[in-house]
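Peer 1: Fold the following.
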Amino acid sequence: MSEKIVIALGGNALQSGKSEATAEAQLKVVRKTCEYIADISCMGYEIGIVHGNGPQVGRILLASETAKDVTPAMPFDVCGAMSQGYIGYHIQQALKYALNKRNRNIPVLTIETQTVVEKNDPAFKHPTKPIGPFYSEEEAKELEKTKGYTMVEDAGRGYRRVVASPLPRKIVEIEAVKTLWPTSIVISTGGGGIPVIENRNGTYSGVAAVIDKDFGAELLAEEVGADYLMILTEVEKVAINFGKPDQQDLSTLTLEDADKYIEEGQFAPGSMLPKVEAAMKFVRGYPNKKAIITSLDCAVDALAGKTGTIVSFA
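Peer 2: Residues are numbered from 1 along each chain as shown. I've put the predicted structure just below:
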C-alpha cells in the first residue's frame, strides 16, 4: 500500500516576491512548484495538497473594498472561497501538465472546503494572521488610521494587515476528500479552509478570519491517516537564532526541544511558529509518523532523509 503524504504549500510556492502579484505571475511560479510535486508523485506517494492564501485573499478583499461604490463588497469568507477556487485552478492546470510529462495519468481536482472553527476561539480577540501585500511603516500607520486595520511588522519584510486565525476543528467536506483520495490528487482545505461556525440547526455561517494553512494541513493529515505531513516554506531547515551570526539550522527537532525553543521565542508568530506547532501536533498524536519542514526545492531530498527538519516525538 502506498504511503500517504499531505503537502502544505507556503507562499513562495505560489508567488515570487521578485515578480508582480498578478495571476499570470502566480501561474508561472505554480508551474515550477508542480514539477517538484510531480516528482514526489513519481516516488509512489498518495498526495493531498493544502495551500496558503494570505496574500491572495488580502488582495481579493482589497479589490472588493476598493470597488464598493461600483459593486457590493464581498464578505471575507466569500473572498476566501474565491481564493481557493483560483489557486486550486492554477495548481490543477500546472500539476496535471507536469504529471502528463511523466506519463502519470492521475486526476487532479480541487474541493472548495469549509472548516469549522469555534465561535469563542480567543484568536478573534487577538488577530495574528498576515494577509495581503506588504506595506511600509508609514503606509501601515495610515491604514490603521483610515481603515481600522491591525497592522504588524512581518519577519523583517515590511508591515501587513493581520486578521483572526482560529484553530480548525472539523473539515466539513472530509468524506468527499477521503472518497477521492485513493485515485486522485486532491487539493483541499485551501487557506486552511473557509472558516465557518456550525449552527445548532446544522447550518454553517462564514466568519471573517483566515485559518493557518499549516494547522489545516495537519488536521487533514490526521483525518486521512497520512504517514507524512510535509510543510514547505522558504528555508531549507528550521533554525534557532534565525538571521543572527550564531544561527543554528536544525536537522531534527524533538517535541521537548521544540517546546523549549517556543518558550524562548525562537520562532516568529505568523511565520515559522505555526509550522512548528502544526508539525508538533501531528507527531504528538502519531509518534511513528513524520513531520518534515523544508523548502520547496529540497522536498524530494527531504523525503529521502537528506535535508530538511524532521520533527519527531523524541
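Peer 1: Regarding this structure, what is its longest helix?
Peer 2: If you go by DSSP state H, the chain has its longest helix at helix 76-101.
Peer 1: Partner strands of the helix or strand just after that one, with direction?
Peer 2: Under the assignment DSSP states H and E, the closest C-terminal helix or strand after helix 76-101 is strand 108-110. Take DSSP bridges as the rule and strand 108-110 pairs in its sheet with strand 185-187 (parallel).
Peer 1: between the following helix or strand past the strand it pairs with and helix 76-101, how many degrees?
Peer 2: For strand 185-187, the succeeding helix or strand toward the C-terminus, using DSSP H and E, is strand 194-198. Counting by axes from the mean of the first three to the mean of the last three CA atoms, to 10 degrees, strand 194-198 lies at 130 degrees to helix 76-101.
Peer 1: For strand 194-198, which strands pair with it and how are they oriented?
Peer 2: Counting by DSSP bridges, strand 194-198 is paired with strand 114-116 (parallel), strand 204-206 (antiparallel).
Peer 1: coming back round to it: same question for the longest helix of the chain: list its buried residues.
Peer 2: Going by neighbour count (16 or more other CB atoms under 10 Å), the buried part of helix 76-101 is 76-77, 79-84, 86-88, 90-92, 94-96, 98-99. Glycine gets a C-beta too; all of them are placed from N, C-alpha and C.
Peer 1: for stretch 61-75, same thing?
Peer 2: Result for stretch 61-75 [16+ other CB under 10 Å]: buried residues 61-62, 64, 74.
Peer 1: Identify the farthest-apart pair in those residues.
Peer 2: The most widely separated members of these, counting by CB to CB, are Leu62 and Met74 (11.2 Å).
Peer 1: burial of Asp257, as a residue count?
Peer 2: 15 (other CB atoms under 10 Å).
Peer 1: what number of residues lie near the closest residue to Gln248 other than its chain neighbours?
Peer 2: Once flanking residues are discounted, Gln248 sits nearest to Ile240: 5.1 Å by CB to CB, 6 or more residues apart in numbering. Number of residues near Ile240 (other CB under 10 Å) recorded here: 17.
Peer 1: Which SSE is immediately downstream of the helix-or-strand element of the chain with minimal mean pLDDT?
Peer 2: Taking mean pLDDT, DSSP states H and E as the measure, the chain has strand 129-135 as its least confident helix or strand, at a mean of 79. Using DSSP H and E, the helix or strand that follows strand 129-135 in sequence is helix 137-146.
Peer 1: average model confidence for that following helix?
Peer 2: What helix 137-146 shows for mean pLDDT is 88.
Peer 1: May I have it as CSV, with CA atoms only?
Peer 2: What follows is helix 137-146, C-alpha atoms only, in CSV (Å, rounded to 0.1, in the frame of the first residue of the first chain):
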residue,chain,number,x,y,z
GLU,A,137,5.7,51.6,8.2
GLU,A,138,4.2,54.9,7.0
GLU,A,139,1.6,53.2,4.8
ALA,A,140,0.7,50.8,7.7
LYS,A,141,0.0,53.7,10.1
GLU,A,142,-2.2,55.3,7.5
LEU,A,143,-4.2,52.1,7.0
GLU,A,144,-4.6,51.7,10.8
LYS,A,145,-5.9,55.3,10.9
THR,A,146,-8.2,55.2,7.9
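Peer 1: packing partners for it?
Peer 2: strand 150-153, strand 159-163 (3 or more CB pairs under 8 Å, 6 or more residues apart in numbering; DSSP states H and E).
Peer 1: So which residues make contact with that helix?
Peer 2: 135, 149-151, 153, 159, 161 (CB atoms under 8 Å, 6 or more residues apart in numbering).
Peer 1: And the furthest pair within those residues?
Peer 2: Tyr149 and Glu153 (13.7 Å).
Peer 1: coming back round to it: what would the contacts of helix 137-146 look like in CSV with distance to Lys68 and neighbour count?
Peer 2: Below are those laid out as CSV (distance: CB to CB, whole Å; neighbours: other CB atoms under 10 Å):
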residue, distance to Lys68, neighbour count
Tyr135, 20, 18
Tyr149, 16, 20
Thr150, 20, 16
Met151, 21, 20
Glu153, 28, 13
Tyr159, 23, 22
Arg161, 17, 24
